[in-house]
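Engineer: pasting the sequence and the predicted model now:
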Amino acid sequence: MEPAVRVFVAPNALYPARQLRPTVSVEPKKTFVWIGRLVDEKNPLLALAAFRRLAARHGDLHLDIVGAGPLRDGLEEAVQSYGLSHMVTFWGHESDPAVLGPLFSQAVASVCSGYVGLNVTQSLGFGCPVIWALDPLNAPEVCTLDQSNGYIYARGDAESLAAAMDSALEDHASRRIDRDEVSARVRNTYSAEAMSAGFLSAVLATERPRSGR
């Protein structure tokens, strides 16, 4: 029988707790945010295809694409060919919470078109619900998602993703989702303080036997 092994949890985090909260000074807008590396695994083209379908029904939408990668040129060409240049903004790589906070706080939702990871805790930390799909590559951060803070769609299906975005628009208008609560849940478990506490607990546990000699 294997001996008992103590396990210490250090959740992957990006920001201190004080920075993880909705920005109250911004007005809600009909925008969606996509954040991540512009690579095939994240499938940003799927998000763009879904947004194109949604934009055909709602002319006053906007999509903010935050990230860098080899697919950017192709995405920009697709945006132009779809006639969506006035509705899509490419931000490049950005991690500053002073920039991301307002983007997420005013957005309808964050769109995850590939597997989910840190983009989930970034979004939820600023009070922004997440649109996501079941994916075998999803990182542990997927456990933070449920019906109170997200919308699920069929993996790889642009029409299903567009429908989920439409549902998010309806809830955004009715203020169904409590963004302060969404942020608080992540702030308490996925902050830099929570991550460092996990590492510190592990270090202290290894030091105690030595100090007792």
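Structural biologist: Cool, got the structure.
Engineer: where do the helices of the protein begin and end?
Structural biologist: With DSSP state H as the criterion, the chain has helices at 44-57, 72-81, 97-106, 118-125, 158-174, 179-189, 192-211.
Engineer: closest one to G36 among these?
Structural biologist: Among the helices of the chain, the nearest to G36 by CB to CB is helix 118-125 (5.1 Å). Heads up, the C-betas are built off the backbone N, CA and C, glycines and all.
Engineer: winner for burial among the helices of the chain?
Structural biologist: helix 118-125 (a mean of 26; mean count of other CB atoms under 10 Å).
Engineer: quick one: that helix to helix 179-189, angle?
Structural biologist: Between helix 118-125 and helix 179-189, the angle comes out at 130 degrees (axes from the mean of the first three to the mean of the last three CA atoms, to 10 degrees).
Engineer: just the C-alpha atoms of helix 118-125, please, in CSV.
Structural biologist: Coordinates of each C-alpha in helix 118-125 appear next as CSV, following Å, rounded to 0.1, in the frame of the first residue of the first chain:
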residue,chain,number,x,y,z
LEU,A,118,-6.0,31.2,-17.8
ASN,A,119,-8.3,33.1,-20.1
VAL,A,120,-11.2,31.9,-17.9
THR,A,121,-9.8,33.2,-14.7
GLN,A,122,-8.8,36.5,-16.4
SER,A,123,-12.4,36.9,-17.6
LEU,A,124,-14.2,35.8,-14.4
GLY,A,125,-11.8,37.8,-12.3
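Engineer: so which elements touch that helix?
Structural biologist: For helix 118-125, the elements it packs on are strand 31-35, helix 97-106, strand 109-111, strand 130-133, helix 179-189, judged by 3 or more CB pairs under 8 Å, 6 or more residues apart in numbering; DSSP states H and E.
Engineer: how far off centre is the shortest one?
Structural biologist: Spelled out, that is strand 109-111. The chain centre lies 7 Å from the centre of strand 109-111; the measure is CA atoms, centre = their mean, to the nearest Å.
Engineer: partners of that strand in the sheet?
Structural biologist: Here strand 109-111 is paired, per DSSP bridges, with strand 31-35 (parallel), strand 130-133 (parallel).
Engineer: out of those strands, nearest to G83?
Structural biologist: strand 31-35 (17.6 Å).
Engineer: residue contacts, M165?
Structural biologist: M165 sits next to 32, 50-51, 54, 108-109, 111, 131, 151 when contact means CB atoms under 8 Å, 6 or more residues apart in numbering.
Engineer: and the furthest pair within those residues?
Structural biologist: F51 and Y151 (14.5 Å).
Engineer: residues near the residue nearest to R37 when sequence neighbours are not counted, how many?
Structural biologist: Of all residues not flanking R37 in the chain, G69 sits nearest, at 4.6 Å (CB to CB, 6 or more residues apart in numbering). Applying other CB atoms under 10 Å, we find 16 residues neighbouring G69.
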